[in-house]
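A.B. asks: just the structure for this:
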Amino acid sequence: MITSDETKVSFDALCCLYLHLKNIVFLPKYHNIMEMRNWSITQLAQSLFPQLQRQEIITELKQKIKDYSKSNVILITILDPHFPQKLKDINDCPFVIFAKGNINLLKQKNISIVGTRNPSKISIHACDYFSTQLALNNYTTISGMAKGIDSVAHRASLHYGGNTIGVIAHGHNHVYPKENFDLFKLANCNESVLLISEYEPNITPRRYFFPRRNRIIAALSQTLVFFEGSIKSGAISSCNIAINQNKNIYIFDHKYSSNNEGGKKMLFDGAPNLDEILATKTFFCDTKKPYLSSKKYYYLGQNQWVSFNLKAQPSNLL
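C.D. replies: Numbers count the residues shown, from 1 in each chain. I've put the predicted structure just below:
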């Protein structure tokens, strides 16, 4: 974790930042070179960029770190103990990440959640219930801070006293989407929230950043849960990335899911159906709210309700 105090910024950390600013990620070929030559990351950086020894570059890098601090952004390098081990394990790990909020959440047990920006009611309710159960069992939810399923997961976790990590596809000085302004604001004052990005604070959202962001959402947890999406959705991209990273994936699908071709394809290919674990039940009731002593009911419309009953502990999904 790098502070704004120049005296505490190591040359190793500056090398990591410089590699990152040059769009270098920790590819297997670099790892192989380091092993073969018994190099550190600093030696690798100096080999790729001999100019790193120049004082003006070092001064510029230190100034950048001071600027990050002014935005309440913490720089975490791959050498830092706060840097997630699961993120180190992927083939294109960033050399640094930029964080805002409670970085200790990176050490907590967690599950990643993804899904469409335009979910059906059944998926919204299922995600709300599942995220609530994670919060009540002290699991941190990880998602992408987008509208739709991401927003449901973050908000449900916080509402029930849980923690949440948002992985954003832009710099911390920007809010996207605007509908989640309140969630972004919480990173400045709520110990239950952490936002992370691989982009400098002033970088604006760009279309091709979002697929890149998905690999981090998948990497940070051993388990990824999908709530509805088309075959070409970013959420399905996250599932495919998670599979390539040897992670567990669970797909929610229900007859009332309106746009879940991607989820159905994943189920056809052998992914487990979260609907069976949630024990989803729908029923009709012509009263304003069905009487229930121990379950939470969600309204689907036209006098139809749905209830869930998690049949397994979150730890069984890992």
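A.B. asks: and the strands in the stretch 151-300 of the chain?
C.D. replies: 164-167, 193-197, 223-227, 248-252, 281-284, 297-301 (DSSP state E, counting those that start in this stretch).
A.B. asks: just the CA atoms of the third one, as PDB, please.
C.D. replies: Same thing as strand 223-227. C-alpha atoms of strand 223-227 as PDB (Å, rounded to 0.1, in the frame of the first residue of the first chain):
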ATOM      1  CA  THR A 223     -16.800 -18.800  -7.000                       C
ATOM      2  CA  LEU A 224     -18.700 -16.700  -9.500                       C
ATOM      3  CA  VAL A 225     -22.500 -16.700  -9.600                       C
ATOM      4  CA  PHE A 226     -24.400 -15.600 -12.700                       C
ATOM      5  CA  PHE A 227     -28.000 -14.100 -12.600                       C
END
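A.B. asks: and it, what does it pack against?
C.D. replies: Applying 3 or more C-beta pairs under 8 Å, 6 or more residues apart in numbering; DSSP states H and E, we find strand 223-227 packed against strand 110-115, helix 121-136, helix 234-244, strand 248-252, helix 261-268. Using the backbone N, CA and C atoms, a C-beta is placed for each residue, glycine as well.
A.B. asks: one more: the second one?
C.D. replies: Here strand 193-197 touches strand 96-101, strand 164-167, helix 181-186, going by 3+ C-beta pairs under 8 Å, 6+ apart.
A.B. asks: what angle sits between it and strand 96-101?
C.D. replies: Here strand 193-197 runs at an angle of 160 degrees relative to strand 96-101 (axes from the mean of the first three to the mean of the last three C-alpha atoms, to 10 degrees).
A.B. asks: for strand 193-197, which outside residues touch it?
C.D. replies: By C-beta atoms under 8 Å, 6 or more residues apart in numbering, the residues outside strand 193-197 that reach it are 97-103, 105-106, 145, 158, 163-172, 183-184, 186-187, 213, 216.
A.B. asks: chain center to it: distance?
C.D. replies: 8 Å (C-alpha atoms, centre = their mean, to the nearest Å).
A.B. asks: ok, which stretches of the stretch 1-150 of the chain are strands?
C.D. replies: Assigned by DSSP E, counting those that start in this stretch, the strands in the stretch 1-150 of the chain fall at 25-26, 74-77, 93-94, 96-101, 110-115, 140-143.
A.B. asks: before we move on, the earlier item: redo the strands of the stretch 151-300 of the chain as CSV? Include mean pLDDT and distance to residue 125.
C.D. replies: As requested, the strands of the stretch 151-300 of the chain are exported to CSV (pLDDT from 0 to 100; distance: least, C-beta to C-beta, whole Å):
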stretch, mean pLDDT, distance to residue 125
strand 164-167, 98, 18
strand 193-197, 98, 23
strand 223-227, 97, 10
strand 248-252, 96, 10
strand 281-284, 79, 10
strand 297-301, 80, 4
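A.B. asks: quick one: closest of those to residue 118.
C.D. replies: Closest of these to residue 118 is strand 223-227, at 11.8 Å (criterion: C-beta to C-beta).
A.B. asks: would you give the sheet partners of the closest one, along with the direction of each?
C.D. replies: Paired neighbours of strand 223-227 in the sheet (DSSP bridges): strand 110-115 (parallel), strand 248-252 (parallel).
A.B. asks: closest to residue 202 out of these?
C.D. replies: Distance to residue 202, taken as C-beta to C-beta, is lowest for strand 110-115 among these, at 26.7 Å.
A.B. asks: before we move on, the earlier item: now the strands of the stretch 151-300 of the chain in a markdown table, with mean neighbour count and distance to residue 91?
C.D. replies: Output for these, formatted as a markdown table (neighbours: other C-beta atoms under 10 Å; distance: least, C-beta to C-beta, whole Å):
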| stretch | mean neighbour count | distance to residue 91 |
| --- | --- | --- |
| strand 164-167 | 28 | 18 |
| strand 193-197 | 24 | 19 |
| strand 223-227 | 29 | 17 |
| strand 248-252 | 23 | 18 |
| strand 281-284 | 12 | 42 |
| strand 297-301 | 15 | 40 |
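A.B. asks: how about those strands in JSON lines, adding distance to residue 28?
C.D. replies: Formatted as JSON lines, those follow (distance: least, C-beta to C-beta, whole Å):
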{"stretch": "strand 164-167", "distance to residue 28": "23"}
{"stretch": "strand 193-197", "distance to residue 28": "23"}
{"stretch": "strand 223-227", "distance to residue 28": "23"}
{"stretch": "strand 248-252", "distance to residue 28": "23"}
{"stretch": "strand 281-284", "distance to residue 28": "47"}
{"stretch": "strand 297-301", "distance to residue 28": "46"}
